[in-house]
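S.K.: Quick one: sequence plus predicted model below, questions after.
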Amino acid sequence: MLLKGKNVVITGAGRGIGKAIALACAREGANLGLMARSLDELEHTKSEIENVNKDIKLTIVTANVMIYDQVEKAFKILYEELGMFNGIIANAGYSRMWTSHEFDSEKFIEIINTNVSGVFFTFKAAYPYMKADEKSDKSRFIITGSAAFTNPMPKFAAYTASKYAVVGLQESLAMEYKKENINFNMVLPTMVDTRLLRGKKAGDGNKPPNVLNPWDLEDYYLYLLSDDGNKTNNCLIFTSDFDEVKRLLNEAPDVNKRNWEVFKEYLEERAPKIYGNVRKLGTLVDFIIKGRVK
Ligand SMILES: NC(=O)c1ccc[n+]([C@@H]2O[C@H](COP(=O)([O-])OP(=O)(O)OC[C@H]3O[C@@H](n4cnc5c(N)ncnc54)[C@H](OP(=O)(O)O)[C@@H]3O)[C@@H](O)[C@H]2O)c1
């Protein structure tokens, strides 16, 4: 088990990506603190997790990430239940599509507050309880960003702006806490079959082929939380790059994919742009090659 005994908190864990990560972390032995606003969805996630692993500590707590007092209280409760945290996944997010000049102003603020202030409030409230006393076992702060960063989308002005903003937030935090044993990293998915993207149709079995399943992302989060990710800091993991890495790993002759050291030459030759994007993440490619998950 990759995360046995680690304490991990995930926001937005009632459904979608957060729920898939929670199930993967439970399978790998992590104790979990799960947060969202809807108690019934959290309870549902909890009962699914209990079918995967009964031997972990699991606490659910409702909080609105837009309201700092609620987030602060939630982290205090989770600390009392679990102890110091090894990893925090700031994943809660919200989006609406709207013609910009007609965009409802309150909704615009809500999207920015959820996706930007919510990540900041999560860090601020979690910080006192983040285990940051060991260089070889650093605390991990992981943000779910979006491929909207670098690929802005029309009619998603608030969402796009928010996902650009969290990249800046991560840069600033990573610089500021460089001397502490905390890593900051981000997973930037393309399209994923969740309520945020497909509304009530999410999970209906009819997703377009270019849309990922939420569980397709689990290796990125597990890597960042695992010993293998201990030295990875201030990285942006674009899932589209790793879809291509995985495709090339599938077709590469065995001799070219024994490990990152040999695969990197193959990758650089075939996909120089992808190589440039992922070369700081060789330990993640190794993690995938070693088949550490599924
Ligand atoms: N789906 C995609 O295509 C895609 C692509 C790139 C990035 N992402 C990112 O992935 C993350 C997760 O989204 P998802 O796709 O899994 O969407 P989702 O299925 O709608 O799940 C969003 C989760 O966040 C929670 N949440 C939303 N607003 C909240 C708030 N104010 N306070 C606390 N929790 C809140 C929701 O629970 P409650 O409503 O109960 O609070 C839910 O658990 C987001 O950051 C999103 O931007 C998604």
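M.R.: Noted; the coordinates are in hand. Residues are numbered from 1 along each chain as shown.

S.K.: Run the contact check for the host helix or strand of T160 versus the ligand.
M.R.: Here T160 sits within helix 157-176, counting by DSSP states H and E. No: Helix 157-176 lies out of reach of the ligand by Cβ under 6 Å from any ligand atom, never closer than 6.8 Å. Yep, even glycine has a C-beta here, placed from its N, CA and C like the rest.

S.K.: Which residue ranges of the stretch 51-200 of the chain form helices?
M.R.: 68-82, 105-112, 118-126, 157-176, 195-198 (DSSP state H, counting those that start in this stretch).

S.K.: list the buried ones in the shortest one?
M.R.: In terms of neighbour count (16 or more other Cβ atoms under 10 Å), helix 195-198 has its buried residues at L196, L197, R198.

S.K.: do the same with stretch 41-52
M.R.: Using 16+ other Cβ under 10 Å as the test for burial, stretch 41-52 gives E41, L42, T45, K46, I49.

S.K.: Pick out the residue of the stretch 51-200 of the chain closest to the ligand.
M.R.: Closest residue of the stretch 51-200 of the chain to the ligand, Cβ to the nearest ligand atom: G93 (2.2 Å).

S.K.: right, and that residue touches L196 too?
M.R.: Yes: taking contacts as Cβ atoms under 8 Å, G93 lies within contact range of L196: 6.6 Å.

S.K.: Just the residues contacting the host helix or strand of I49, thanks.
M.R.: Assessed by DSSP H and E, I49 sits inside helix 39-52. Outside helix 39-52, the residues within contact range by Cβ atoms under 8 Å, 6 or more residues apart in numbering are 13-15, 19, 22-23, 26-27, 32, 34-36, 56, 58, 60-62.

S.K.: before we move on, the earlier item: a markdown table for the buried residues of stretch 41-52, including distance to A148 and pLDDT?
M.R.: Formatted as a markdown table, the buried residues of stretch 41-52 follow (distance: Cβ to Cβ, whole Å; pLDDT from 0 to 100):
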| residue | distance to A148 | pLDDT |
| --- | --- | --- |
| E41 | 24 | 98 |
| L42 | 27 | 98 |
| T45 | 26 | 98 |
| K46 | 31 | 98 |
| I49 | 29 | 98 |
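
S.K.: Among those residues, which one sits closest to the ligand?
M.R.: E41 (5.4 Å).

S.K.: if I look at the closest one, how far off is M35?
M.R.: 11 Å (Cβ to Cβ, to the nearest Å).

S.K.: As JSON lines, the helices of the stretch 51-200 of the chain with mean pLDDT would be great.
M.R.: Listed next are these as JSON lines, based on pLDDT from 0 to 100:
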{"stretch": "helix 68-82", "mean pLDDT": "98"}
{"stretch": "helix 105-112", "mean pLDDT": "97"}
{"stretch": "helix 118-126", "mean pLDDT": "98"}
{"stretch": "helix 157-176", "mean pLDDT": "98"}
{"stretch": "helix 195-198", "mean pLDDT": "96"}
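
S.K.: so which of those is the most packed in?
M.R.: helix 118-126 (a mean of 23; mean count of other Cβ atoms under 10 Å).

S.K.: hang on, the earlier thing: from the contacts of helix 39-52, keep the buried residues only.
M.R.: If you count burial by 16+ other Cβ under 10 Å, the buried members of these come out as 13-15, 19, 22-23, 26-27, 32, 34-36, 56, 58, 60-61.

S.K.: which residues does the residue of the chain positioned farthest from its centre contact?
M.R.: Relative to the centre of the chain, the most outlying C-alpha is that of V255, 32.0 Å out, by Cα atoms, centre = their mean. Shown in contact with V255 (Cβ under 8 Å, 6+ apart): V262.

S.K.: Keep the contacts of helix 39-52, but drop any that are not near the ligand.
M.R.: Okay, of the contacts of helix 39-52 touching the ligand (Cβ under 6 Å from any ligand atom), that's A13, G14, R15, A36.

S.K.: Give the bridge partners for the last one, please.
M.R.: Spelled out, it's A36. T62 (DSSP bridges).

S.K.: That one is in contact with T11, isn't it?
M.R.: Yes: counting by Cβ under 8 Å, A36 touches T11, with 7.1 Å between them.

S.K.: list residues touching both of these two?
M.R.: Residues touching both A36 and T11 by Cβ under 8 Å, 6+ apart: G18, A92.

S.K.: before we move on, back to that, can you list the neighbours in contact with the helix holding T160?
M.R.: Contacting residues not belonging to helix 157-176 are listed as 95-96, 98, 100, 103, 107-108, 111-112, 114-116, 119-120, 123, 141, 143, 145-146, 148-149, 152-153, 183-186, 188, 233-234, 236 [Cβ under 8 Å, 6+ apart].
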